[in-house]
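1. please find the sequence and the predicted model below.
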Amino acid sequence: MKQTDEEYLESHFKEFEVQTFYTESFTSLEELVETFVEVNNQQESEDLDAFIDLLICMLHVDGEKRITPAQILEQPFISGISINILNPLTSDEIKDILPRKYSFIKLQATGQFGQVFKCESKHNQKVHSFKLPYSHHNMEKEAQLLRRMMCKGLEDQHIVQCMAFIKTRLGKAFIYENLDMNLTQFMATNCPLTLGDVRSIVQQTATALKSLKCMRVIHTEVTLDHVWLCAQTARLEVKLTDFQSSIHSKSAEPGMKLQNVNYRIIL
C-alpha cells in the first residue's frame, strides 16, 4: 500500500525538539579561548598563546599598530622561536662576557637555546659569528656533533663552519664563520624571492641534509631561522646551523614529534 507524503514522514522521522542556543559575548580573543579551548600540554599552550598574539597583531584596527606581511615572518608563532626565552643578554652584557681578544660588533639573532652575534678578532681583524648559550642550556651535544662534521669537511657541504670553541661563564660558545643573516631576516626585506634565489637556497639546504643523512643524523628543526646566509660572498650562499636538537637516526621512532609544528608536514 502506497503511503502518502505525510504518512511517510510521520513513520520515518521523529519530531525534533527545538532548542534555543544563547551566544555569549566576549571582550577579547583571550577570554574566548579561555572559555572554550582546552589544551593538553605546555607546548600546546605556548603555541596557542603565540597564535592569539599573531591574530591580535594582524587584526588590529589601528593601521599603524597592525603588522605588515613581512613582520608576520618574525612573529613567534610563524618563526617557531619560543615566546618564553629566558633573559636574553643585552649588548653590554655580551661585551662583558666576551674574551678580551674579541670586539663586539652587533647582535644578530636571539633563539631558543642562545644568541648569535658578530665579533672581530683584535689579533687579525677577522670577523666571526658567535653563538652563546643561555646559562641553563648545555651545548656539549651540539659541540661534539660539530667536531665530527668539521673533521669530515662538511663545511663544503653547506654545513656551518665552526672554527673553534671558547669557554665563557655561561658555558661553551661556538665561533662560526662570518654569517650575515638568517632566512627569516633576509625574506623580511627581500620578498618576493626570485626563482633563482629559491633554487639556490633549496639546492644548498638539500646538500646539507644529504650530508647529514650520510652521517645518520636527523636535524629535526630545519626552519628559516636555522638557515643562514654567508657574509661577503659573490653569490647567494647558505649554511645549515643549530644542531642542538639533532638526533641519530637509530633513536628515531614512529610518531615522534621532532620538527617544529609550524614547519611540520602532516601526512
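-> Nice, thanks for sending it over.
2. show me where pLDDT drops low in the stretch 51-200 of the chain?
-> Scanning the stretch 51-200 of the chain for pLDDT under 70 picks out 76, 79-87, 135-137.
3. run the last query once more with 80
-> The stretch 51-200 of the chain contains residues with pLDDT under 80 at 53, 64-65, 69-71, 73-88, 111-113, 134-138, 169-171.
4. what are the ranges of the helices in it?
-> 69-72, 76-79, 91-97, 140-151, 183-190, 195-214 (DSSP state H, counting those that start in this stretch).
5. tell me where the chain has strands.
-> Assigned strands in the chain, in chain order: 102-110, 114-121, 127-133, 162-168, 171-176, 179-182, 217-218, 227-230, 238-240, 247-248 (criterion: DSSP state E).
6. what packs against the fifth one?
-> It refers to strand 171-176. strand 127-133, helix 140-151, strand 162-168 (3 or more CB pairs under 8 Å, 6 or more residues apart in numbering; DSSP states H and E). Glycine gets a C-beta too; all of them are placed from N, C-alpha and C.
7. do the same with the second one
-> Applying 3+ CB pairs under 8 Å, 6+ apart, one finds that strand 114-121 makes contact with strand 102-110, strand 127-133.
8. can you count the residues close to residue 240?
-> Around residue 240 there are 22 other residues, counting by other CB atoms under 10 Å.
9. mind putting the helices of the stretch 51-200 of the chain into JSON lines with distance to residue 105?
-> Formatted as JSON lines, those follow (distance: least, CB to CB, whole Å):
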{"stretch": "helix 69-72", "distance to residue 105": "25"}
{"stretch": "helix 76-79", "distance to residue 105": "23"}
{"stretch": "helix 91-97", "distance to residue 105": "10"}
{"stretch": "helix 140-151", "distance to residue 105": "22"}
{"stretch": "helix 183-190", "distance to residue 105": "16"}
{"stretch": "helix 195-214", "distance to residue 105": "25"}
